[in-house]
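In: Here's my sequence, what's the structure:
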Amino acid sequence: MTRTHVPVMLAEVLETLAPQDRGVYLDGTFGGGGYTGAILNQAGCTIWAIDRDPEAIARGAALASSFPGRLHLIEGRFGDLLDLLAERGVDGLDGVVLDLGVSSFQIDEAERGFSFRMDGPLDMRMGREGRSAADLVRELSADDLADLLYKFGEERQSRRIARAVVAARAVEPITTTAQLAGIIRGVLPPDRSGIDPATRSFQALRISVNDELGEIERALDQAARILRPGGRLVVVSFHSLEDRIVKRFMIDAAGQTASPSRHDPRGLLPTAEARFTMLTRKALRPGQPEIAANPRARSARLRALRRLDTEELAA
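Out: Here you go, the predicted structure:
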């Protein structure tokens with residue numbers, strides 16, 4: 001079966017990133033290469049592309065051969081982008097784009113264990129290292145598992161699910177996506193919205209397995225530090241936990257954090273100088289035609305910053 005990768009909000013990403021000839025850009029979440037290919041086609045620029053999945057890097061070889069000398073692929077975590085780029089002599093960027101969604105290639109491969117739509121090993125690792133989702137389901141106590149499901153999946157029935165999982169694993173090991181999804185569906189009624197009852201729990205396990213929120217926080221901080229004056233940071237997120245982190249980071253970077261109460265001693269501290277300006281007053285959303293063509297885009301949010309140049313800082 002031939003699989004295709006559909007980059008979400010591609011037109012909005014290109015317009016906001018505004019790639020220029022001779023610019024140097026980073027695609028921190030290469031995935032299927034949708035953003036990277038479009039950026040390379042739009043401007044005579046150079047792109048460094050990071051992905052922790054060795055399969056994504058292998059797939060990118062064909063795209064790199066189409067743009068000799070302009071696309072450089074790096075296997076690693078985007079939360080380590082400063083070190084990864086420094087090792088290759090890169091100390092400044094004109095733009096960074098981050099797509100925080102799970103790659104469609106990973107979702108559609110049953111053997112990767114990301115989706116409950118197909119039976120496969122309960123893995124969920126974006127790379128090949130660390131504990132899998134099956135390890136967490138086997139090792140965590142009921143309380144710890146419930147806390148994980150609530151924190152990362154915002155699952156209100158986390159304790160009921162955790163108790164069911166602990167009871168089921170006492171009978172036989174839980175090693176497949178179908179097993180886990182079946183256990184969750186057995187204790188939760190169908191959602192009126194049509195969302196599968198296992199959705200939030202699978203999200204929570206995936207986030208925990210890959211330390212996704214920690215990676216996002218590290219990547220945002222490092223991307224901001226490596227941007228040159230005028231450089232742009234464009235981030236597409238897909239659920240509230242991600243978007244909350246991105247929104248808070250960008251508000252702080254742009255100096256738009258609300259002042260503390262006059263009774264709060266933090267109000268006596270000097271205010272940090274804003275070095276960025278918001279390019280998106282509020283998050284951009286995909287249009288209805290895109291959502292109709294690609295339902296995975298429906299929850300996407302795009303936010304962006306631009307680093308101020310010397311004249312703007314002096315003004």
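
In: and after the helix or strand bottoming out on mean pLDDT in the chain, which helix or strand comes next?
Out: For the chain, using mean pLDDT, DSSP states H and E, the weakest element among its helices and strands is helix 104-107, scoring a mean of 56. Past helix 104-107, heading to the C-terminal end, the next element that is a helix or strand (DSSP states H and E) is helix 133-139.

In: Show me what the helix or strand following that following helix is in contact with.
Out: Beyond helix 133-139 on the C-terminal side, the first helix or strand identified by DSSP H and E is helix 142-153. When contacts are defined by CB atoms under 8 Å, 6 or more residues apart in numbering, helix 142-153 is touched by residues 136-137, 140, 155-156, 158-159, 161-163, 165-166, 200-205, 207-208, 213, 241. Quick note: C-beta positions are derived from backbone N, CA and C, even for glycine.

In: cool, stretch 288-300 as well?
Out: When contacts are taken as CB under 8 Å, 6+ apart, the neighbours of stretch 288-300 outside the stretch itself are 6, 8, 9, 101, 104, 236, 237, 238, 239, 285, 286.

In: just for the protein, where's the confidence low?
Out: When residues are selected by pLDDT under 70, those of the chain lie in 1-5, 103-114, 258-273, 310-315.

In: redo that, cut-off 80
Out: Low-confidence segments of the chain, defined by pLDDT under 80: 1-6, 101-117, 127-129, 191-194, 257-274, 310-315.

In: Spatially nearest residue to residue 131, not counting backbone neighbours?
Out: Leaving out its chain neighbours, the residue that sits closest to residue 131 by CB to CB, 6 or more residues apart in numbering is residue 209, at 6.6 Å.

In: which secondary structure elements does the host helix or strand of the one you found contact?
Out: The secondary structure element spanning residue 209 is helix 199-210 (assigned by DSSP H and E). Counting contacts by 3 or more CB pairs under 8 Å, 6 or more residues apart in numbering; DSSP states H and E, helix 199-210 is packed against helix 133-139, helix 142-153, helix 177-187.

In: If we use 6 Å, what do you get?
Out: Helix 199-210 sits against helix 142-153, with contacts defined as 3 or more CB pairs under 6 Å, 6 or more residues apart in numbering; DSSP states H and E.

In: Show me what counts as buried in the helix it packs on.
Out: Of all the residues in helix 142-153, those buried under the rule 16 or more other CB atoms under 10 Å are 142, 145, 146, 147, 148, 149, 150, 152, 153.

In: Tell me how far the second one lies from residue 293.
Out: Translated: residue 145. As judged by CB to CB, to the nearest Å, residue 145 and residue 293 stand 37 Å apart.

In: Repeat that for the fifth one.
Out: Taken as CB to CB, the spacing of residue 148 relative to residue 293 amounts to 34 Å.

In: Then the last one?
Out: For residue 153, the distance to residue 293 equals 28 Å [CB to CB].

In: quick one, strands of this protein?
Out: With DSSP state E as the definition, the chain shows strands at residue ranges 24-27, 46-51, 71-75, 93-99, 227-237, 276-278, 301-307.

In: next one: the third one to chain centre, how far?
Out: By that I understand strand 71-75. Strand 71-75 has its average C-alpha position 18 Å from the chain's average C-alpha position, going by CA atoms, centre = their mean, to the nearest Å.

In: which other helices and strands contact it?
Out: Secondary-structure packing of strand 71-75 (3+ CB pairs under 6 Å, 6+ apart): strand 46-51, helix 54-66.

In: Distance to residue 129 and mean neighbour count for these - can I get that in TSV?
Out: Putting the helices and strands packed on strand 71-75 into TSV (distance: least, CB to CB, whole Å; neighbours: other CB atoms under 10 Å) gives the following:
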stretch	distance to residue 129	mean neighbour count
strand 46-51	14	24
helix 54-66	11	15
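
In: now those in TSV, with distance to residue 185?
Out: Written out in TSV, the entries for these read as follows (distance: least, CB to CB, whole Å):
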stretch	distance to residue 185
strand 46-51	32
helix 54-66	30
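
In: Tell me where the stretch 201-315 of the chain has helices.
Out: Along the stretch 201-315 of the chain, counting by DSSP state H, counting those that start in this stretch, helices occupy 212-226, 240-253, 288-293, 310-314.

In: List the buried residues in the helix holding residue 209.
Out: For helix 199-210, by 16+ other CB under 10 Å, it's 199, 200, 201, 202, 203, 204, 205, 206, 207, 208, 209, 210.
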